[in-house]
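Colleague: sequence first, predicted model second:
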Amino acid sequence: MDSIVASSRLTRVAAQIGFGGRIFCSSSLRNSFLTYAEPTMALSTYEHELHLAVRAARLAARLCQTVQKKLLAKETQSKADQSPVTVADYGSQALISWALQRECGSETFSMVAEEDADDLRGKDGLEMLLRITDLVNEAIIAEGVQNAPKLSKENVLEAVDKGRSQGGPVGRHWVLDPIDGTKGFVRGDQYAVALALLDEGDVVLGVLACPNLPLKGVSAQSSSGIPVGCLFSARKGAGTMLQSLDDSFVPQKVHVSDVDDPAHANFCESFEAAHSRQSLTERIAKIMGVKAPPVRIDSQAKYGAMARGDAAIYMRFPHVGYREKIWDHAAGCIVIQEAGGVVCDAAGNRLDFSKGRYLDVEHGIMATNPKLMPTFLASVQAALEAENRVS
Ligand SMILES: Nc1ncnc2c1ncn2[C@@H]1O[C@H](COP(=O)(O)OS(=O)(=O)O)[C@@H](OP(=O)(O)O)[C@H]1O
Ligand SMILES: [Mg+2]
Ligand SMILES: [Mg+2]
Ligand SMILES: [Mg+2]
């Protein structure tokens with residue numbers, strides 16, 4: 001009798017959390033590898049998925065921290081597009097893929113992720129693959145995951161390659177950047193593990209784990225004693241929360257800056273000049289009347305910093321010919337929106353994550369609070385027109 005009551009309650013919970021009462025989800029609530037506490041009340045939409053995303057991102061962030069501490073030159077490779085990729089990028093992707101599939105089942109699992117295992121297959125990739133496999137198994141053991149089998153190198157290749165989904169407007173797709181800001185990661189600076197969930201083309205949740213971001217103030221010096229390691233999480237309609245990566249800090253709701261005078265606003269942009277046109281952003285800031293110098297940080301840590309008001313404006317204007325990918329913005333975008341901000345392209349269009357792996361935008365991506373947006377948009381358009389007149 002007890003088991004019937006328990007199972008019908010779990011089926012009800014599974015239905016409420018959006019899996020249509022699928023058995024795998026009921027059992028996953030009981031046997032969760034992440035010691036998930038059985039819910040005592042109904043979970044609202046995507047709450048369970050957000051919980052899984054937070055735990056998976058945290059697990060991956062720990063692996064990244066371990067690697068960053070002892071980063072060796074030979075653990076960084078160049079991909080075909082000349083961008084760097086490390087054992088931690090692959091390890092993080094393998095871990096998150098494995099963790100989510102373990103919870104949600106693998107039959108219908110879909111993930112759009114940055115990395116694939118092509119460069120790990122064959123003789124040249126073997127040493128790196130063995131190192132990644134060790135890191136992934138060490139992370140699973142360190143987490144105390146119960147009944148977890150040891151992953152073989154083939155399991156790791158398979159987990160990484162699960163990220164090849166094309167996404168799109170139908171169904172659910174996880175969207176993952178296992179390390180956003182790999183250049184920052186290699187330099188020892190900011191990076192983020194960025195995970196989001198798309199449902200019918202809409203981003204419904206997002207998590208940014210930022211291991212090197214101070215808990216207060218993006219520019220806080222390590223000598224200030226402010227702890228580092230932030231985890232931002234957002235769920236559609238539920239706001240954006242900030243907690244410490246090590247869970248030692250009570251989660252709190254964050255909000256974007258409410259400054260409405262550009263003279264008191266500051267803006268953030270990419271650290272790498274190759275990733276955003278800094279002469280254009282300087283011109284936009286001047287037209288707008290922003291006086292403060294730019295805050296330059298790597299990765300979607302910028303979106304997290306903005307969500308809690310460290311900067312009032314975000315600008316990203318890649319050089320001509322660059323095509324944005326959805327994993328570089330999906331999690332960050334909902335983190336800002338749920339914190340009360342607005343994200344759009346230079347024509348004022350909302351970002352459309354339903355078109356596959358790419359994100360097609362007019363000129364660039366911008367974000368700020370609703371009060372500053374009209375002036376910001378007008379300044380961007382004036383700067384672009386001035387540029388067109390010159391060329
Ligand atoms: N040429 C060019 N132009 C624009 N953007 C590029 C370019 N090359 C790479 N990327 C993408 O930028 C991602 C890093 O994000 P940021 O640009 O915000 O960070 S950084 O300051 O440059 O590190 C970075 O993400 P990761 O590859 O995950 O690190 C890339 O997806
Ligand atoms: Mg990359
Ligand atoms: Mg990226
Ligand atoms: Mg990346």
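Modeller: It's in. Ligands and ions are numbered 1, 2, ... in the order given.
Colleague: use CA for all of it now, contacts and neighbours both
Modeller: Will do.
Colleague: for the closest residue to Phe109 other than its chain neighbours, helix, strand, or coil?
Modeller: Using C-alpha to C-alpha, 6 or more residues apart in numbering and skipping residues adjacent in sequence, the residue nearest Phe109 is Gln101, 6.5 Å away. Under DSSP: H, G, I helix; E, B strand; the rest coil, the three-state class of Gln101 is helix.
Colleague: Gln101 contacts Thr108, correct?
Modeller: No - judged on C-alpha atoms under 8 Å, Gln101 makes no contact with Thr108 at a distance of 9.2 Å.
Colleague: which regions of the stretch 201-350 of the chain lie under the pLDDT threshold?
Modeller: 222-223 (pLDDT under 70).
Colleague: repeat that for 50
Modeller: Filtered on pLDDT under 50, the stretch 201-350 of the chain yields no residues whatsoever.
Colleague: who in it is up against ligand 1?
Modeller: With C-alpha under 6 Å from any ligand atom as the criterion, the stretch 201-350 of the chain comes near ligand 1 at residues 270-272, 274-276, 297-300, 318, 322, 328.
Colleague: now those: which count as buried?
Modeller: Buried members of those, counted by 16 or more other C-alpha atoms under 10 Å: Ser270, Phe271, Glu272, Ser276, Ile297, Asp298, Ser299, Gln300, Pro318, Asp328.
Colleague: so which of those residues sit within helices?
Modeller: Applying DSSP state H to those, no entry is found in helices.
Colleague: also near ligand 4: which of the residues you listed, exactly?
Modeller: Among these, not one lies near ligand 4 by C-alpha under 5 Å from the ion.
Colleague: of those, closest to ligand 3?
Modeller: Among those, Asp328 lies closest to ligand 3 (C-alpha to the ion), at 4.4 Å.
Colleague: doesn't Asp177 make contact with that closest one?
Modeller: Yes - using C-alpha under 8 Å, Asp328 is in contact with Asp177, at 6.6 Å.
Colleague: residues bridging contact with these two, i.e. touching both?
Modeller: Ala194 (C-alpha atoms under 8 Å, 6 or more residues apart in numbering).
Colleague: what residue in the stretch 1-150 of the chain comes nearest to ligand 4?
Modeller: For the stretch 1-150 of the chain, C-alpha to the ion, closest residue to ligand 4: Glu114, 6.0 Å.
Colleague: which stretches in the stretch 51-200 of the chain count as strands?
Modeller: According to DSSP state E, counting those that start in this stretch, the stretch 51-200 of the chain carries its strands in the segments 76-78, 84-86, 111-113, 172-180, 192-199.
Colleague: which of these sits closest to ligand 3?
Modeller: strand 172-180 (3.7 Å).
Colleague: hmm, the closest one touching ligand 3?
Modeller: Yes - shown here: strand 172-180 in contact with ligand 3 (C-alpha under 5 Å from the ion) through Asp180.
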